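Engineer: Kindly generate the corresponding structure for this input.
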Amino acid sequence: MSDRPAPLGDSTVPAATPDGWLNRNVFAFGLTSLLADLCYETATSVLPALLIIVGAPPFALGLMEGLADALSSFVKMGAGWYSDRLPRRKPIVVIGYAVTAVAIGLIGLVTLWPIILLLRVAAWIGKGARGPARNAMLTASVRPEDKGKAFGFHRAGDTIGAIVGPLVAAALIGTLSAEDAKLAAPYQRVILATLIPGLAAAAVVALLVHEPVRGPGKPRQLRESLAALPGRYRRWLVAIGVFGAGDFSHTLLILGAIDALTPSRGFVEATQIGAILFSVRNIAAAITAFPAGALSDRIGRQSILLAAYLLGAIVTAAFGVVVTFHYAGIPLLAVLFIGAGIVNAAQEALEGAAAGDLVPDHSLHGTAFGVLGAVNGVGDFISSAVVGALWTIAPQIGFGYAAGMMVLGAALLRSTVITPKVELP
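Structural biologist: Numbering: from 1, shown residues only. As a prediction, the model looks like this:
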């Protein structure tokens, strides 16, 4: 027995659904994601240094990230719903990628940190606006039984970009002299250069993606669209939200590694090791994303996603122990970072595919993915804020809270059937 989704009827699947999962659309979206993350992560890697040089206050980066993530999350819901009303979603996706690329690139032309903040927020609003429509198009581009592979391939491209971006930034910054490294201009040039991969991402969608045939959108109000989402999808979102309330930003893992390693290795070396470990985490995520998605097409999303949630709780609890006892063993830390990468890859690849399973009506896919993005965004905000606050009391308390919420989210997920069980052919 398997909980692999059964084929859906003609009323829910676009007539132009192509044969084969690695079709032009899936390949194009994977390439787009790689280029887009190359743009974001390159800029993100040098942004803290630029803010320091231009005299931004210490709270500026946290304020910037919090505002950007919060607004992006709520834009996802509105943009997803709006895309359901349109006969074509592709223009929203192209414009979203282009807005993000231009806003990030413009940061390379300014030195006033409030303007940098506004541009960073604008970039993430563009990112939020295009996400649900892109996911709906990706879902419509493959057969129901191939959604896991498609989302896994897309997520792998995203993570490869996240690996390459910081390396590109490090290589460019490494060429600076001691004096140049204290000036804003070199960092601005690096950020300005991200326009190339960023606009290329938008161009790939515009030129290569073919939008499957779909009828005119149904003129539902937002409240009607939300009410039309299946009940089991809404129950599933509760589990996603509870897990997300413990799924803090993994940059805090770097902080945990630094805290554990500093007593024995000193702050500078501990910081370098933390950055390397985070790269290891990203590599693990890139390697895991596609196999996790493909396996979910065979044995079902729920069992793999549940295993990922429980692994997340184990990794988080183990980090609490590491920080408590200042354990400085790099092999164990590397294993935990790899575990975190596996959890991240499985979560992001399978949640999107599962959303398509739970909402078979393609006319609601924009809304469904938008709500999923909003739930995840709110969860990220809550988890990072709470864990960060508890960290000031004791890091292990923060990790303990996060692990507990992850276990609770896994328990709720266990009670939700993602897809009907059918016999494998």
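Engineer: Please identify which helix or strand holds residue 349.
Structural biologist: Assigned by DSSP states H and E, residue 349 belongs to helix 330-358.
Engineer: Now do the buried residues in that helix.
Structural biologist: For helix 330-358, a neighbour-count test (16 or more other CB atoms under 10 Å) marks 333-334, 336-358 as buried. All C-beta spots, glycine's among them, are computed from the backbone N, C-alpha and C.
Engineer: How about stretch 71-84?
Structural biologist: Buried, per 16+ other CB under 10 Å, within stretch 71-84: 71-84.
Engineer: Quick one: residues in contact with that stretch.
Structural biologist: When contacts are defined by CB atoms under 8 Å, 6 or more residues apart in numbering, stretch 71-84 is touched by residues 89, 92, 96, 121, 124-125, 127-133, 136, 217-218, 220, 222, 225-226, 363-371, 373-374, 376-378, 380-381.
Engineer: Please narrow those residues to those residing in helices.
Structural biologist: Counting by DSSP state H, these place 92, 96, 121, 124-125, 127-133, 136, 222, 225-226, 365-371, 373-374, 376-378, 380-381 in helices.
Engineer: Is there a quick PyMOL command that grabs whichever of the contacts of stretch 71-84 are buried?
Structural biologist: Remark: buried members of the contacts of stretch 71-84, expressed as a PyMOL selection using 16+ other CB under 10 Å:
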select buried, resi 89+92+96+121+124+125+127+128+129+130+131+132+133+136+217+220+222+225+226+363+364+365+366+367+368+369+370+371+373+374+376+377+378+380+381
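Engineer: quick one, what contacts residue 281?
Structural biologist: Here residue 281 is in contact with 250, 253, 337, 338, 340, 341, 344 (criterion: CB under 8 Å, 6+ apart).
Engineer: longest helix anywhere in the chain?
Structural biologist: Per DSSP H, the chain has its longest helix at helix 267-299.
Engineer: Just the CA coordinates for stretch 165-172, please, in CSV.
Structural biologist: Taking C-alpha atoms only, stretch 165-172 is exported to CSV below (Å, rounded to 0.1, in the frame of the first residue of the first chain):
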residue,chain,number,x,y,z
GLY,A,165,26.5,32.7,-4.2
PRO,A,166,28.6,33.0,-0.9
LEU,A,167,31.6,31.4,-2.6
VAL,A,168,31.4,34.0,-5.4
ALA,A,169,31.1,36.8,-2.9
ALA,A,170,34.0,35.4,-0.9
ALA,A,171,36.2,35.1,-4.0
LEU,A,172,35.4,38.7,-5.1
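Engineer: How far does it sit from its chain's centre?
Structural biologist: With CA atoms, centre = their mean, to the nearest Å as the basis, stretch 165-172 stands 20 Å off its chain's centre.
Engineer: now stretch 188-207
Structural biologist: Distance, centroid of stretch 188-207 to centroid of chain: 19 Å (CA atoms, centre = their mean).
Engineer: do stretch 406-420 as well
Structural biologist: Centroid separation for stretch 406-420 versus its chain: 20 Å, with CA atoms, centre = their mean.
Engineer: Any chance of JSON lines for the buried residues of stretch 71-84, columns distance to residue 174?
Structural biologist: As requested, those are exported to JSON lines (distance: CB to CB, whole Å):
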{"residue": "71", "distance to residue 174": "34"}
{"residue": "72", "distance to residue 174": "31"}
{"residue": "73", "distance to residue 174": "35"}
{"residue": "74", "distance to residue 174": "39"}
{"residue": "75", "distance to residue 174": "36"}
{"residue": "76", "distance to residue 174": "36"}
{"residue": "77", "distance to residue 174": "41"}
{"residue": "78", "distance to residue 174": "42"}
{"residue": "79", "distance to residue 174": "39"}
{"residue": "80", "distance to residue 174": "41"}
{"residue": "81", "distance to residue 174": "45"}
{"residue": "82", "distance to residue 174": "44"}
{"residue": "83", "distance to residue 174": "42"}
{"residue": "84", "distance to residue 174": "47"}
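Engineer: Which ones among those lie within helices?
Structural biologist: Residues of the buried residues of stretch 71-84 located in helices (DSSP H): 71-84.
Engineer: of all those residues, which comes closest to residue 279?
Structural biologist: Distance ranking of those against residue 279, using CB to CB, places residue 72 first at 24.8 Å.
Engineer: could you measure that closest one against residue 121, distance?
Structural biologist: Note on residue 72: its distance to residue 121, by CB to CB, to the nearest Å, is 8 Å.
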